[in-house]
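Visitor: Fold the following for me, if possible:
(chains A and B)
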Protein chains: 2
Amino acid sequence: MNAEIISIGDELLIGQVVNTNQAYIAEQLNTVGISVTRMTTVGDRESEILGSFKEVWKSHDIAVVTGGLGPTHDDITRSVVCKFFDTNLVKNEEALENVKRLFGSRGLPVTTLNEQQALVPNGCTVIQNTQGTAPGYLFEKEGKTMVVMPGVPFEMTAMMENFVLPHFSLKVKGIVVRHRTLKTTGIAESLLAERIGDVGALFSPGSGITLAFLPSPLGVRLRISVSSSSAADADRALSDVEAKLRAKAHKYIYGMEKEELEDIVGRLLIERRMTIAVAESCTGGLIMDRLTDVPGSSAYFLHGDVVYSNESKIARVGMPEEILAEHGAVSREVAEALAEGIRKQSGTDIGVSTTGIAGPSGGTDEKPVGLLWIGFSDKQTTFAMKFNFGNNRRRFKERASQAALELVRRKLLKIE
Amino acid sequence: MNAEIISIGDELLIGQVVNTNQAYIAEQLNTVGISVTRMTTVGDRESEILGSFKEVWKSHDIAVVTGGLGPTHDDITRSVVCKFFDTNLVKNEEALENVKRLFGSRGLPVTTLNEQQALVPNGCTVIQNTQGTAPGYLFEKEGKTMVVMPGVPFEMTAMMENFVLPHFSLKVKGIVVRHRTLKTTGIAESLLAERIGDVGALFSPGSGITLAFLPSPLGVRLRISVSSSSAADADRALSDVEAKLRAKAHKYIYGMEKEELEDIVGRLLIERRMTIAVAESCTGGLIMDRLTDVPGSSAYFLHGDVVYSNESKIARVGMPEEILAEHGAVSREVAEALAEGIRKQSGTDIGVSTTGIAGPSGGTDEKPVGLLWIGFSDKQTTFAMKFNFGNNRRRFKERASQAALELVRRKLLKIE
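Guide: Numbering: from 1, shown residues only, chains lettered A, B, ... in the order given. This is a model prediction of the structure:
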């Protein structure tokens, strides 16, 4: 079965909001064997919405629609759905109870606007909203299915998990599609492609296997896709191609699927019963933010400093003043002193540090914007490595945090 | 003139990558008076790409296409473009020089794969790529325009800024479309809607003015849109509606357009020549990461600690051990002691702190997952406020960082 995802909202068409719903829905449908073959975004106008409904009803088995179900005047999806299915609104008691319960638990009054959200198109299956007030709808007609959900991401994801995916997973049979993604960092796309070499040596054309290179500022992902009539065959093919890729690019592959580098580093630290502390200058707390995104990270991440001023580098991490004076804040020596200082002061096994020039200004010929030193210290050794990550401030911080975590991973795994 | 944005890539259809390009392109086209009326995403298959090209050529003035121009085997957009415009590939010397220059500056060898990227469709205007190796193309034919760019966001954005936007801004005349967005935080969408009241009192129907409510975990944005035949009229209407909205929701409106709370707080601190330090527990560095995303933030942000363990709260911020023992780490008393401690130790005017239970585990009946205390301390006062931000770890951190920055903003502006 194939599906089209239709997103509704002027905020998307004027670029005010990045559409994260489409990626989430596509990925989730994929897991139950539904291929998304098109994604479309239209505005909050009846003609555009109706046009997209008519088109998807002709060309796809399933339409997943989000957006325009909120309580305010600019939300018109519900009335267009009624028009498309030639039906009217009826009150849904369960949805009304939900609205009252939700507002009650927050100690807020229920408004007339909110009460109206309990009206649903007659003839649909109602998808209750556990996270908000607007219910969703499911229509099945002429062998086709349309699902309509709010555009608020966490309301929509709860409906997908609790209702939509279980609903579809009962219906889909036949072809199995499987993906596996290996995540690399520290190597450019074209160099990775050369290292991997001829794709024809990994699998034969017509085998239902494909390999995609997906670059991003944090690294290149390698995605293997297999379509097969048997899940066992598909999994075997994925493992076979994965092994060939690992043989060629082992040291750059840090994780799989949704694993982030902070997940991997966290797992390695737990396995080794080791602890870490961080002293960040130019990355401003991003390394620690990432480390603490991992549930349970308090087991190994004990403490960190953002030493943004020179005074704080001296006062808070015990940086010798003369190192700063002699080499400047952005230097190998300062990176090393920060890493060693934070490790000793926090009593951890590992200390990591960053110092650099995130820009957009503050660079010189000798120390340009984008220059970064990452320091590492454990009980055996203290050293620093130099990078240049360009002149976009946020991208610099992201790439710097990635390189720092990768340095820890490689040290823990003794990968040169 | 209207435009459709077409994104190409299986990674989008299986939901592996969130499409940020569409929002960026739409927003930028809007600034030069081009309305995006549809966004479409299709896969890396010739039939799907060709189908979308034929459709857009019928229905829109402008097609902006991204993706599938990379150096690897899964990139087929260039060949489909040749087929659609019935043309062939020719070598572009400038693009070849660019490839050589780019790799030379990174000290990397130029591969055959990369050299092939300097081949472009005959008859197009070549858009040079200052950030990467794949050039873009512009075709003008039959009164329509098609722009084709790589999907890598920072390569595409550079092409938009350097070439595409200047190109279109010379061509567009007629209707002026203007948007203005007010950003609120700390109030739910429905309560904000009630506070603002009847939209008909803000502007009359048929006036070409619309108001949209855009909720997100960090707050609700209010977007005013005006279409008019004169820029002066449009701007006057925007200012009029803005003034009415401010009169009704003043204290919740922290900024406009793309301003983030960290930008506003930074500007207020600079105006007042004040400095800030941060002690984060549950937010793990995110407040500091946001503060340091602002260029020039080193003028007011001096230092911060991520005091993740109890030991580090005691050792690094001078937290009295008995406060921790008596009240527990997640308490009003600890939030206050952290805020005051970090302020005094860093010698800043303001200290801010967080302590809470980010989850997914670690909650009790008395102190559930989602509980947050934010501490604030300046030379006059030290206090803490309690919040509950739910059981999604990342969303908890984001909302907590927003509430902490908002608390600073309101204190600086003496808003209740």
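
Visitor: List the contacts of A:L218.
Guide: A:L218 sits next to A:T185, A:L261, A:E398, A:R399, A:Q402 when contact means C-beta atoms under 8 Å, 6 or more residues apart in numbering or on different chains. To be clear about C-beta, it is placed using only N, CA and C from the backbone, and glycine gets the same treatment.

Visitor: Name the member of these with the shortest distance to chain B.
Guide: Nearest to chain B among these: A:E398, at 10.2 Å, using C-beta to the nearest C-beta.

Visitor: Output the contacts of A:L218 as a markdown table; include the columns pLDDT, neighbour count and distance to A:S239.
Guide: Converted to a markdown table, the contacts of A:L218 look like this (pLDDT from 0 to 100; neighbours: other C-beta atoms under 10 Å in any protein chain shown; distance: C-beta to C-beta, whole Å):
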| residue | pLDDT | neighbour count | distance to A:S239 |
| --- | --- | --- | --- |
| A:T185 | 97 | 21 | 23 |
| A:L261 | 98 | 23 | 23 |
| A:E398 | 96 | 18 | 31 |
| A:R399 | 95 | 22 | 31 |
| A:Q402 | 98 | 24 | 27 |
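
Visitor: Narrow those to those in strands?
Guide: With DSSP state E as the criterion, strands contain none of the contacts of A:L218.

Visitor: give the contact list for A:V177.
Guide: A:V177 makes contact with A:N30, A:G33, A:S35, A:S225, A:V226, A:S227, A:A234 under the criterion C-beta under 8 Å, 6+ apart.

Visitor: just the strands in the stretch 301-416 of chain A please.
Guide: For the stretch 301-416 of chain A, applying DSSP state E, counting those that start in this stretch gives strands covering A:301-307, A:350-356, A:371-377, A:382-388.

Visitor: out of those strands, nearest to A:G104?
Guide: Among those, strand A:301-307 comes nearest to A:G104, with 38.2 Å by C-beta to C-beta.

Visitor: Contacts made by the closest one with the rest, please.
Guide: Residues from elsewhere that reach strand A:301-307 (C-beta under 8 Å, 6+ apart): A:266, A:275-281, A:284-285, A:287-288, A:291-292, A:312-313, A:316-317, A:319, A:338, A:342, A:346-348, B:278, B:285, B:288, B:292, B:303-309, B:311-312, B:316.

Visitor: For ChimeraX, write the selection for the buried entries among these.
Guide: The following ChimeraX line selects those of these that are buried, judged by 16 or more other C-beta atoms under 10 Å in any protein chain shown:
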select /A:266,275,276,277,278,279,280,281,284,285,287,288,291,292,312,313,316,317,319,338,342,346,348 /B:278,285,288,292,303,304,305,306,307,308,309,311,312,316
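
Visitor: in the worst-scoring helix or strand of chain A on mean pLDDT, what's buried?
Guide: None of the helices or strands of chain A scores lower by mean pLDDT, DSSP states H and E than helix A:112-115, at a mean of 79. By 16+ other C-beta under 10 Å, the buried positions in helix A:112-115 come out as A:L113, A:N114, A:E115.

Visitor: What of stretch A:122-129?
Guide: Buried-residue list, stretch A:122-129, by 16+ other C-beta under 10 Å: A:C124, A:V126, A:I127, A:N129.

Visitor: domains of chain A?
Guide: The record's domain parsing of chain A by automatic domain parsing lists A:2-169, A:176-256, A:261-412.

Visitor: how far out from the middle of the chain is the helix or strand following the least confident helix or strand of chain A?
Guide: Counting by DSSP states H and E, the element after helix A:112-115 in chain order, helix or strand, is strand A:119-121. Offset of strand A:119-121 from its chain centre (C-alpha atoms, centre = their mean, to the nearest Å): 34 Å.

Visitor: about what we covered before: among the contacts of A:V177, name the ones in strands.
Guide: Filtering the contacts of A:V177 for strands - DSSP E - leaves A:S35, A:S225, A:V226, A:S227.

Visitor: Can you lay out those as TSV showing pLDDT and distance to B:S169?
Guide: Compiled in TSV, these are given as follows (pLDDT from 0 to 100; distance: C-beta to C-beta, whole Å):
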residue	pLDDT	distance to B:S169
A:S35	90	40
A:S225	86	41
A:V226	87	46
A:S227	80	45
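
Visitor: Need those in JSON lines (columns: neighbour count).
Guide: Shown next, in JSON lines, are those (neighbours: other C-beta atoms under 10 Å in any protein chain shown):
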{"residue": "A:S35", "neighbour count": "19"}
{"residue": "A:S225", "neighbour count": "21"}
{"residue": "A:V226", "neighbour count": "22"}
{"residue": "A:S227", "neighbour count": "16"}
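
Visitor: For chain B, tell me which of those residues show up nearby.
Guide: Checking the ones in strands among the contacts of A:V177 against chain B by C-beta under 8 Å from any C-beta of the partner chain, the ones in range are A:S35, A:S225.

Visitor: now, the most widely separated pair of the ones in strands among the contacts of A:V177?
Guide: Longest span within these, C-beta to C-beta: A:S35 and A:V226, 13.2 Å.

Visitor: Pull up the gap between the most centrally placed residue in chain A and A:A249, please.
Guide: Residue closest to the average C-alpha location in chain A (C-alpha atoms, centre = their mean): A:K258, at 7.4 Å. A:K258 sits 19 Å away from A:A249, going by C-beta to C-beta, to the nearest Å.
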